[in-house]
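Colleague: okay, structure incoming, though there's no sequence with it:
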C-alpha cells in the first residue's frame, strides 16, 4: 500500500512540475483603437508608457491584420478560420453568433490541460449555445452585447457604474483596492483575471487568459483616475495602459513573467495614420499593432517581423509552439485556414516555409444580412525574392459595382497610388482575384445557415431573446430602447424538446421591472402599447400566431404556447397601439419551457 502512495505522489509531483514548465498564455485585445492610440507610435497621443515598454521588450508583427470590426475579429481569432466562413460577418442581427459547431481556441487549450478564462467582451452570442462558457471558457466574467450600454447588456451599465456577470453571478462593480483610483470596467476585469491566474498558479496549472476589452469602444466616460486636460477616450486608453502595467507587475511578482507568452493587439483599425479606420477594408481598418513577449521563448526584444500575419494565424501558431494536439477527427468543413508563423519568430531565414510565404489572406466585413459577393473585400499577399519581401500587394473592391483597386503597401503605406491599370500587374491581379474566388466558395457553402439560439435547455432554463439579434431590424443600444425605436425582426431558434413554452414579451428588461411597466416611460419615452403578438413558424408551417390585449400596468404580456415541436423555428414579435399600428418593439422576450 505504501508503494502505491509513493507512486501516486511521484505522479502528482511530475505532473505539477510538467505543468509549471508549460508557458502560460495571456492575450490582451483592447477595442476600437490602433497605432495612434499609443505614445509608442505618436508622441503627442495618449500617454502609454507601459504599453510602449512592452513594445520595446517584444517581438512586433508589423504587418498584422484583423477584421475591420469587433465580432468578425473575435470569431477569426478564436477559430483560426475566416470570420465569414464561421458565420460572423456583422456585429448585430444574429450575424455575430459564431456557429455552434465551431472549435475554439479555448476548446484547444482546455483539451491540452490549460485552465481557460475570458474577461470582458465576448460579442459572439449572448445565449446558449453561443456563450463563452459554452465555447471552452471555464472561468468567465463578461458583459453581454458588444459593450456597456448596448441593448443586451445589464440595464444602465456604463464603464464607471456597472453590474457584471461573473461565472453566472451578478456582481456590482466597486472601487477595489487595486492601486487605481475609483471603479472602472477595465480595472474590474483585470482584477478578475488576476484572481483566475493566481488560483491556477497556486494549483500549478498553466492557463490561457483571454482579455478582449470592450474599452475604448464608445460611449466614452471619464475614468476616475483621469489626469487633467484630456478627453474621455484618451483617459480610457491611458487607464488601459495602467492596467497593462499592473498585469506585467503581477507576472513579475508571481515569478512567471519569463514563462508567460503575453500578446497585445487590438481588434480593428481606428486612431491610425493609415488609410481608413474601423469598418474600412483598407490598411487602416485591418492593420493593427501586435506585440509578443516571451523571455523563455528566446524571441528577443524589439525585433520586428515584417511578413504578412493575421488573426487566423494565432491558433495554428499556438498549437505549433506549444505542441498541442487538435480535437480528434476534426471535420474537414472545420479545417483551420490560418498558418503557423512559429518559424518567423526566430532569426533564421532559412527555416521560413515557402508555403507560408506563398499564401494570401482574404479579409472581409460585410455588415449585411446575407453575404454579398465583392462587398468590402481585401486580399493581401507578400511577394518574396529569396529572403526579402519585395512587394506587399493589397487588392480592394468595395462592392459589386465598384472598380478594383491595387496597392503595393510596401512602398505606398497610405494606399494613395492605385496600380490596377498597370499591365505589368495583371499576373498578381489575376492571382489575388482567384484567391478571393476560392475564399468565397468557402463562405457560400454555409451562407444560408442561421445560428440558432436553443430554447428549453437545462443549460439556459430561461432565455432572453434580445432585439439586437433581430434579423433585418437594427436596434442595438439601450438608448434606442429609451427612445422607443420602432422595429420588428425574426430570431432564429431551435426548440430542444417538444413542449409548452411561455413567452414574456417586454418593453423593459426584468432588472428594472420595479420601476417600469409596459406603457410607462421609465427612463425614456412612454409608448401607448395596446396589444402584443407572437408568431412562430418554420418554412410553410406556422406553429403559433397569437395576439393579446395587454394590461398597461403589467411588466409584460405572457403567452403560453402549447405543444411547440422540437427543432428549428423562427420567432417574431410585435407591440401595437390601439389603432393597430406597430409601436416600439419587443426589446426583451423571456422564454422558458413549462415543465
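Modeller: Great, that's in hand. What you see is a predicted model; the values in this text were computed from it and never measured.

Colleague: ok, residues contacting the host helix or strand of residue 380?
Modeller: Taking DSSP states H and E as the criterion, residue 380 maps to strand 377-385. With contact meaning C-beta atoms under 8 Å, 6 or more residues apart in numbering, strand 377-385 is reached by 63, 65, 281-282, 286, 307-308, 357, 359-364, 389-397, 409, 428, 431-433, 435-436, 439. For every residue, glycine as well, the C-beta is placed using N, CA and C.

Colleague: next SSE after that strand?
Modeller: Next along the chain after strand 377-385, taking DSSP H and E as the criterion, comes strand 388-397.

Colleague: from residue 232, how far off is residue 219?
Modeller: The gap separating residue 219 from residue 232 is 8 Å, by C-beta to C-beta, to the nearest Å.

Colleague: what do you get for residue 60?
Modeller: When residue 60 is compared with residue 232 (using C-beta to C-beta), they lie 29 Å apart.

Colleague: buried sites along the single longest helix found in the chain?
Modeller: Secondary structure of the chain read by DSSP state H shows that its longest helix is helix 232-253. Neighbour-count burial for helix 232-253, counted by 16 or more other C-beta atoms under 10 Å, picks out 232-248, 250-251.

Colleague: which parts of stretch 399-414 are buried?
Modeller: Using 16+ other C-beta under 10 Å as the test for burial, stretch 399-414 gives 404, 405, 406, 407, 408, 409, 410, 412.

Colleague: tabulate those (a markdown table), appending distance to residue 200, secondary structure and pLDDT.
Modeller: What follows is the buried residues of stretch 399-414, written out as a markdown table (distance: C-beta to C-beta, whole Å; DSSP: H, G, I helix; E, B strand; the rest coil; pLDDT from 0 to 100):
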| residue | distance to residue 200 | secondary structure | pLDDT |
| --- | --- | --- | --- |
| 404 | 50 | coil | 97 |
| 405 | 48 | strand | 98 |
| 406 | 48 | strand | 98 |
| 407 | 45 | strand | 98 |
| 408 | 46 | strand | 98 |
| 409 | 41 | coil | 98 |
| 410 | 43 | coil | 98 |
| 412 | 47 | coil | 97 |
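
Colleague: ok, so of these, who is nearest residue 24?
Modeller: residue 409 (34.5 Å; C-beta to C-beta).

Colleague: quick one: contacts for the closest one?
Modeller: With contacts defined as C-beta under 8 Å, 6+ apart, the neighbours of residue 409 are 63, 283, 380, 392, 393, 394, 415.

Colleague: list the buried residues of stretch 359-368.
Modeller: Of the residues in stretch 359-368, those buried by neighbour count under the rule 16+ other C-beta under 10 Å are 359, 360, 361, 362, 363, 364, 365, 366, 367.

Colleague: surely the second one touches residue 435?
Modeller: By that I understand residue 360. Yes: Residue 360 lies in contact with residue 435 (C-beta atoms under 8 Å); the separation is 4.3 Å.

Colleague: from residue 435, how far out is the nearest residue to residue 407 once chain neighbours are set aside?
Modeller: Setting aside the residues directly before and after it, residue 407 is nearest to residue 415 in space (C-beta to C-beta, 6 or more residues apart in numbering), at 4.4 Å. Look at residue 415 and residue 435: by C-beta to C-beta, they are 19 Å apart.

Colleague: equivalent analysis for residue 309, please.
Modeller: Taking C-beta to C-beta as the measure, residue 309 falls 17 Å from residue 435.

Colleague: so if I had to pick from these two, which one is more boxed in?
Modeller: Using other C-beta atoms under 10 Å, the more surrounded residue of residue 309 and residue 435 is residue 309, with 22 against 18.

Colleague: pretty sure the more buried one contacts residue 342?
Modeller: No: using C-beta under 8 Å, residue 309 and residue 342 do not qualify as a contacting pair, with a distance of 11.3 Å.

Colleague: quick one: the helices in the stretch 1-150 of the chain?
Modeller: Secondary structure of the stretch 1-150 of the chain by DSSP state H, counting those that start in this stretch: the helices cover 2-21, 49-56, 70-79, 105-111.

Colleague: contacting residues around residue 368?
Modeller: With contacts defined as C-beta under 8 Å, 6+ apart, the neighbours of residue 368 are 89, 90, 95, 375.

Colleague: show me the shaky parts of the chain.
Modeller: In the predicted model of the chain, residues 1-20 satisfy pLDDT under 70.

Colleague: pick out the residue closest to the middle of it.
Modeller: residue 74 (3.3 Å; C-alpha atoms, centre = their mean).

Colleague: which residues does residue 143 bridge with?
Modeller: Using DSSP bridges, the bridge partners assigned to residue 143 are residue 121.

Colleague: and it, how far from residue 154?
Modeller: Relative to residue 154, and taking C-beta to C-beta, residue 143 is found at 7 Å.

Colleague: what residues are shared contacts of those two?
Modeller: Taking C-beta under 8 Å, 6+ apart as the contact criterion, the residues that touch both residue 143 and residue 154 are 162, 164, 165.

Colleague: secondary structure class of the last one, three-state.
Modeller: Read it as residue 165. Going by DSSP: H, G, I helix; E, B strand; the rest coil, the secondary structure assigned to residue 165 is strand.

Colleague: can you pull the contacts of it?
Modeller: 140, 141, 142, 143, 144, 154, 171.

Colleague: how many other residues sit next to residue 276?
Modeller: Neighbours of residue 276 using other C-beta under 10 Å come to 21.

Colleague: would you agree it is in contact with residue 268?
Modeller: No: here residue 276 lies out of contact with residue 268, judged by C-beta under 8 Å, at a distance of 10.3 Å.

Colleague: give me the common contacts of the two.
Modeller: Both residue 276 and residue 268 are in contact with 68, 285, where contact means C-beta under 8 Å, 6+ apart.

Colleague: in the stretch 251-400 of the chain, which spans are helices?
Modeller: Taking DSSP H, counting those that start in this stretch as the criterion, the stretch 251-400 of the chain carries its helices at 283-286, 314-321, 354-357.

Colleague: okay if I get the contacts of residue 409 as a markdown table plus neighbour count?
Modeller: Formatted as a markdown table, the contacts of residue 409 follow (neighbours: other C-beta atoms under 10 Å):
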| residue | neighbour count |
| --- | --- |
| 63 | 20 |
| 283 | 27 |
| 380 | 25 |
| 392 | 21 |
| 393 | 22 |
| 394 | 26 |
| 415 | 19 |
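
Colleague: what angle do the helix or strand harbouring residue 442 and strand 377-385 make?
Modeller: For residue 442, the element it lies in under DSSP H and E is helix 426-445. Helix 426-445 runs at 130 degrees relative to strand 377-385, counting by axes from the mean of the first three to the mean of the last three C-alpha atoms, to 10 degrees.

Colleague: the helix or strand following helix 426-445 pairs with which strands?
Modeller: Proceeding N to C from helix 426-445, the next assigned helix or strand is strand 453-455, under DSSP H and E. Partner strands and pairing direction for strand 453-455 (DSSP bridges) are strand 490-495 (parallel).

Colleague: the partner strand: how far from the chain's middle?
Modeller: Taking C-alpha atoms, centre = their mean, to the nearest Å, one finds strand 490-495 lying 22 Å from the centre of the chain it belongs to.

Colleague: done for today, thanks.
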